[in-house]
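Q: No letters, just coordinates:
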């Protein structure tokens, strides 16, 4: 749900959490695709996938930098330089043409890892790529010794919420997040 007031748009967001002790077996990438672990050379691939995935999405209105490849690159640089950055929880999925999905993870504290973005390019969504990415990220957090993984999702993104629930995430709280409207909107 989004509402507009005085040049501000409000987004209803849900924080979801999974206990990594109850995590199911790792999910492989769908046939013909491969999971690729993080390396510094993957930064541009993450930025490109994020920009293509978030183009026109509510998240790009809420988090403005997700609306362009340059902005996504800046986001990725910040994530990769974060003290809690988890290489083990950061992945891409590739096909023969290159990266088509990505996910990043950041250690929030000594027991919680936070998934930063789950991005799958249009036309490839709903085919098990998001499931493989989230599974790889959660198993990476568990290898890092963490107990829980959390993520945040826009409340009206029913498709994503359904995916997260199927994996085992449960809603923990809901809140409103504000974003200033652009002058051209």
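A: Perfect, I can see it now. Because the structure is predicted, anything quoted here is derived from the model rather than measured.

Q: surely residue 32 meets residue 93?
A: No. Taking contact to mean CB atoms under 8 Å, the distance of 10.6 Å between residue 32 and residue 93 leaves them out of contact. Every residue, glycine included, has its C-beta placed from N, CA and C.

Q: more neighbours, these two?
A: A count of neighbours by other CB atoms under 10 Å puts residue 93 above the other of residue 32 and residue 93, at 26 against 7.

Q: and that one, helix, strand or coil?
A: strand (DSSP: H, G, I helix; E, B strand; the rest coil).

Q: Can you check the distance spanned by stretch 119-128, start to finish?
A: The stretch stretch 119-128 measures 12 Å between its terminal residues, going by CA to CA, to the nearest Å.

Q: Okay, buried residues for it please.
A: Within stretch 119-128, the residues that qualify as buried are 119-121, 124-125, 128, counting by 16 or more other CB atoms under 10 Å.

Q: ditto for stretch 104-119
A: Within stretch 104-119, the residues that count as buried by 16+ other CB under 10 Å are 104-108, 112-119.

Q: Could you save the buried residues of stretch 119-128 as JSON lines and add columns showing pLDDT, secondary structure and distance to residue 177?
A: Supplementary listing: those in JSON lines, determined by pLDDT from 0 to 100; DSSP: H, G, I helix; E, B strand; the rest coil; distance: CB to CB, whole Å:
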{"residue": "119", "pLDDT": "97", "secondary structure": "strand", "distance to residue 177": "19"}
{"residue": "120", "pLDDT": "97", "secondary structure": "strand", "distance to residue 177": "22"}
{"residue": "121", "pLDDT": "97", "secondary structure": "coil", "distance to residue 177": "25"}
{"residue": "124", "pLDDT": "96", "secondary structure": "coil", "distance to residue 177": "27"}
{"residue": "125", "pLDDT": "94", "secondary structure": "coil", "distance to residue 177": "23"}
{"residue": "128", "pLDDT": "96", "secondary structure": "coil", "distance to residue 177": "29"}
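
Q: Could you pull up the mean pLDDT of the helix ranked longest in the chain?
A: The single longest helix within the chain, with elements called by DSSP state H, is helix 129-143. Averaged across helix 129-143, the pLDDT comes to 98.
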